[in-house]
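**Student:** Quick one, fold the following:
(2 chains, ligands or ions: 1)
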Amino acid sequence: MNDPADMIDAEGLIEAMVEIVGPEWVLYDPEETRAYASDALTAYREIPRVVVLPNGEEEIVAIVNICQQRQIPIVPRGAGTGLSGGARPIREGVVLSLARMNRILALDPEAAIAILEPGVRNLAISEAAFPHGLFYAPDPSSQIACTIGGNVNENAGGVHCLKYGLTLHNVLQVRGILSSGEVFECGGQTPDSPGLDLLPLLIGSEGMLMIVTEVTVRLLPRPTHAKVVMASFDSIETCAHAVAAIISSSLIPAGLEMMDQAATRAVEDYVHAGYDCEAAAILLVESDGSKTEVDEEIAEIKEILLLNGSRSLVVSETEEERQRIWSGRKNAFPAAGRVAPEYYCMDGTVPRRQMAPLLAHIAQLEKHYRLRCMNVFHAGDGNMHPLILFDGKIMGEWARAEAFGNAILEKCIELGGTVTGEHGVGVEKLDSLCLQFTDAEREVFHALKKVFDPLRILNPDKGIPSLRRCVEHGRKRVDAQKRLPTNLEHF
Amino acid sequence: MDGLVRDFTDRIREAEAGGGTLGIQGHGSRSFLCPSTAPILSTRHYQGVVTYEPEELFITVRAGTPLPELEDILDSKGQYLAFEPLRFGAGGTVGGMVAAGLSGPRRMRSGPIRDYILGIRILDGLGRELRFGGTVIKNVAGYDVSRLFGGSWGRLGLILDVTLKVLPKPRSSLTLVVDIEQEKALNWFKRARSQPWPLGASLFQGHTAGQLALRLEAGPEAVKEAFLAISKELPVKMMAPEEAEGLWRSLSTHRHAALKPDKEQAVPLWRFSLPPGVEPLAINGELLIEWHGGLRWWRGLLDPEALEALTHGHPGGVMPFDAHFASRNLSGQGTHQDKVRGRLDDGVLKVFDPFAVFSSG
Ligand SMILES: Cc1cc2nc3c(=O)[nH]c(=O)nc-3n(C[C@H](O)[C@H](O)[C@H](O)COP(=O)(O)OP(=O)(O)OC[C@H]3O[C@@H](n4cnc5c(N)ncnc54)[C@H](O)[C@@H]3O)c2cc1C
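**Tutor:** Numbers count the residues shown, from 1 in each chain, chains lettered A, B, ... in the order given. Next comes the predicted model:
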């Protein structure tokens, strides 16, 4: 065998990268690259051959050109907080970290926009907008760490998305580098821009279509007041019913989150948010706006909740109290990490009225797979995050957790929902996608990928399963047309 | 209805096999923007609501459903299409509304039509029936294909049905008016952007000076609060509700006097799509300015150089709102577009319609 360093650098790749970005921004020692072996879905790991941290579009173009010539896959990476393995490295590929490109290029309060490099952290945007009375609305729970580039590529949501929309609704323009090395700009500061509207294709494209180098977001006036109601319920069904009642009133709350007892207990032990741990489930309902608006809405929300079986209510009286109540929800994932060695977070979405049936089904699955599950979700939009608790060190537990997760996702499709609401497909849900789309529909996805990335070097193994994979896994929705696709891609 | 879908499929496959083309049409109310010489594929009989679940905030309707019919159904449950679609004549069909992607007065508050598309069922240029998206608001499985159809002007395929997000109607609405200079009005919007006022729509009509109308929409208390706050800045008056309704309707139906074609149709109506903050344009005559400055209508004669000079340095587009509107809009002619963009658009069109069955719009 040759020296391992030679094997790693068979094509002089590392030298080439060093030439572009300088030696301190190329990592290839496994001791260093190990930190990039996975995103926050740590079950899927691969130590990358090389990690490059460029600073600026020109460097990215140079990197892309080299990878293009040598057919080396590129895995773009933001903060690596993704939960579906989207930034999981490809063994023979390059991990392209955008972390150094973290400048806010412009913030224009008069136009209420901010122009950002991809590595700007989500929370940093609202912090910068704060003095101008503005904020950036999508607020994933990971907002301290996750980047706008990652948000754009996952179409990230947050607890306030019910009222203010997802990343898609708050991004005006995206600029990036295609795998051809060309710059492409999409969307704009004008309310409509000519040509096909390709922006929705790019948002949520999981690093498969282009490397995002600049994002223009719209900022909104920061509400001057906010209050949250915490309501307790004796059963999951009544709680889910109350959600429906709120939505079908003429209110759109700023946030509407639900947690089951397993979740409230884990959280309460961890952050002492003041949750009612005897309740079968609790709801957090937020109202924001001007003082009178909030008072008006909170009164209405309280009435609806009480009419619909809430057995007790707490309304935040101070900002401190509001923050404390939210801290529980925001820390649900780490709390899960305290009660079990590992947790597996699912992300299916179902129509709101199907939340209670889905939860009942999950309770059965817990018995079947002999694993516990705690449930937190963005109830306002039916986006569920069951957290399956397991211990990877126990033989077979991870496999059971995975099977449990897949069973939940299959149920989500059956109930008229989708396998992923905001965490993306990544490597994790490839098989589930076989169920959600027909061959012809997946063929369209592959063809779209080919338009943007004909050489298939951008995150090529993520997002969309090949037909072969779907056939081999025996998971396939019947094609409405029963027509075999032409020009199949196999990989 | 299945019979109709079979007919559509047969006609598409025939066209595809014989090198023919088809022009998709609903009621033809938008044909003046996208005339087609191709044989018409009409969706007008493919109508009706597939599913409406008010408490889930979505409705699935067939493409040929008349827009006013859809609006009546939503209205009966206190809901509406928040994007306040621009319509012509009797209102046209839902399919046409989505395909044209033209938003009305509420654009700056609500976002574009495409933001409200949750799912779509289509026949592509090979006659394949495909579904993308679904009925839920959060969905990131696969690329977001359904939203591509907003503003696609029938070039990507035939929309069979579409699932739209619907919302509760605002509980109260109040329109304020004030006489003001154009420049002052445009500047006022810049400040208003960071204020938490429920500004649902705006309209400036006039030239260097004119009238500004502001529509506030929210709960009654919030509307009152905003009214009081704005009164401190501008000497606004309340407009009578019926008059206000007529004003905004004249915009969403494109029947405002300044938008109506002259008898000979000799003078074109120009549509300026600009970043809202752009200063007053150096042109003479009356303008209609919507979307807080982002959309400006002007009727007059402009030679290409004058046009270039007007918009120089600003992103966005200026186009006559005429028979070439759709094709210019799709090709990006008259705007700062590049060749990468053209190649990608072309590639995407070919994914859905490799034999250019729908290419003539
Ligand atoms: C505790 C916790 C809570 C979370 N809460 C939420 C939540 O509430 N809502 C939510 O939506 N998500 C949530 N997430 C998931 C995750 O934070 C989001 O998906 C986030 O958008 C990922 O951002 P990132 O910068 O970490 O991206 P990464 O994980 O690094 O990458 C995500 C994907 O985007 C691609 N990518 C990243 N940057 C670029 C770029 N510049 N160009 C092209 N492709 C790029 C990657 O290849 C990958 O496919 C949570 C995660 C954790 C760990």
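**Student:** how does chain B divide into domains?
**Tutor:** B:2-168+B:343-352, B:170-330 (automatic domain parsing).
**Student:** which residues of the stretch 51-200 of chain B fall in helices?
**Tutor:** With DSSP state H, counting those that start in this stretch, the ranges of helices along the stretch 51-200 of chain B come out as B:67-75, B:94-100, B:107-110, B:182-192.
**Student:** Look up phi and psi at the residue of the stretch 301-450 of chain A found nearest chain B.
**Tutor:** Taking CB to the nearest CB, chain B has its nearest neighbour within the stretch 301-450 of chain A at residue A:421, 3.6 Å off. Using the backbone N, CA and C atoms, a C-beta is placed for each residue, glycine as well. Per-residue torsions, residue A:421: phi -90, psi -30 (degrees, to the nearest 10).
**Student:** Which strands and helices lie in contact with the least confident helix or strand in chain B by mean pLDDT?
**Tutor:** Ranking every helix and strand in chain B by mean pLDDT, DSSP states H and E puts helix B:304-311 at the bottom, with a mean of 77. Contact here means 3 or more CB pairs under 8 Å, 6 or more residues apart in numbering or on different chains; DSSP states H and E; on that basis helix B:304-311 packs against strand B:317-320.
**Student:** Could you point out the helix or strand that follows the strand it packs on?
**Tutor:** helix B:325-331 (DSSP states H and E).
**Student:** Give the next helix or strand downstream of that next one.
**Tutor:** Using DSSP H and E, the helix or strand that follows helix B:325-331 in sequence is helix B:339-352.
**Student:** helices and strands around that following helix, which ones?
**Tutor:** Going by 3+ CB pairs under 8 Å, 6+ apart, helix B:339-352 lies up against strand A:183-187, helix A:439-452.
**Student:** Adjacent strands (with direction) for the shortest one?
**Tutor:** In the sheet, strand A:183-187 lines up against strand A:171-177 (antiparallel) (DSSP bridges).
**Student:** wait, which of the helices and strands packed on helix B:339-352 is closest to residue B:320?
**Tutor:** Residue B:320 sits nearest to strand A:183-187 of all those, at 23.7 Å, using CB to CB.
**Student:** Could you pull up the residues touching residue 30?
**Tutor:** Went with chain A since none was named. Residues in contact with residue A:30 (CB atoms under 8 Å, 6 or more residues apart in numbering or on different chains) are residue A:47.
**Student:** not what I meant, chain B
**Tutor:** Per CB under 8 Å, 6+ apart, neighbours of residue B:30: B:88, B:92, B:96, B:100.
**Student:** can you rerun that using 10 Å?
**Tutor:** B:86-89, B:92-93, B:96-97, B:99-100, B:102, B:153-154, B:325-326 (CB atoms under 10 Å, 6 or more residues apart in numbering or on different chains).
**Student:** and which of the residues you listed is nearest residue B:13?
**Tutor:** Among these, residue B:154 lies closest to residue B:13 (CB to CB), at 17.4 Å.
**Student:** Now that closest one. Nearest residue, chain neighbours left out?
**Tutor:** Excluding the flanking residues, the one nearest residue B:154 by CB to CB, 6 or more residues apart in numbering or on different chains is residue B:24, at 4.0 Å.
**Student:** Pretty sure the one you found sits in a strand.
**Tutor:** Yes. Remark: residue B:24 belongs to a strand, assigned using DSSP: H, G, I helix; E, B strand; the rest coil.
**Student:** so how far is chain A from the residue nearest the centre of chain B?
**Tutor:** Geometric centre of chain B, nearest residue: residue B:102, 1.4 Å, by CA atoms, centre = their mean. To chain A, residue B:102 is 8 Å away according to CB to the nearest CB, to the nearest Å.
**Student:** Ok, residue B:245 next?
**Tutor:** Taking CB to the nearest CB, one finds residue B:245 at 20 Å from chain A.
**Student:** tell me the contacts of that residue?
**Tutor:** Counting by CB under 10 Å, 6+ apart, residue B:245 touches B:173, B:175, B:215, B:239.
**Student:** before we move on, what SS does it have?
**Tutor:** Applying three-state DSSP: residue B:245 is helix.
**Student:** Residue B:103 versus that one, what's the distance?
**Tutor:** Per CB to CB, to the nearest Å, residue B:245 is found 19 Å from residue B:103.
**Student:** quick revisit: buried deepest among the domains of chain B, which one?
**Tutor:** domain B:2-168+B:343-352 (a mean of 21; mean count of other CB atoms under 10 Å in any protein chain shown).
**Student:** is that one anywhere near the ligand?
**Tutor:** No. Domain B:2-168+B:343-352 stays clear of the ligand (CB under 6 Å from any ligand atom), getting no nearer than 8.4 Å.
**Student:** That domain: end-to-end distance?
**Tutor:** 22 Å (CA to CA, to the nearest Å).
**Student:** and what of stretch B:56-76?
**Tutor:** By CA to CA, one end of stretch B:56-76 lies 16 Å from the other end.
**Student:** Pull the distance from it to the chain's centre.
**Tutor:** When C-alpha coordinates are averaged (CA atoms, centre = their mean, to the nearest Å), stretch B:56-76 and its chain have centres 17 Å apart.
**Student:** what does stretch A:197-210 give?
**Tutor:** Relative to the centre of its chain, stretch A:197-210 is centred 14 Å away, using CA atoms, centre = their mean.
**Student:** pLDDT of that stretch, averaged?
**Tutor:** Averaged across stretch A:197-210, pLDDT comes to 97.
**Student:** Tell me the residues of the stretch 1-150 of chain A that contact the ligand?
**Tutor:** Near the ligand, when you scan the stretch 1-150 of chain A using CB under 6 Å from any ligand atom, you find A:39-40, A:75-83, A:86-87, A:98, A:118, A:140-142, A:146-147, A:149-150.
**Student:** Next step: the residues you listed restricted to helices.
**Tutor:** Here DSSP state H is the test, and those give A:149-150 as lying in helices.
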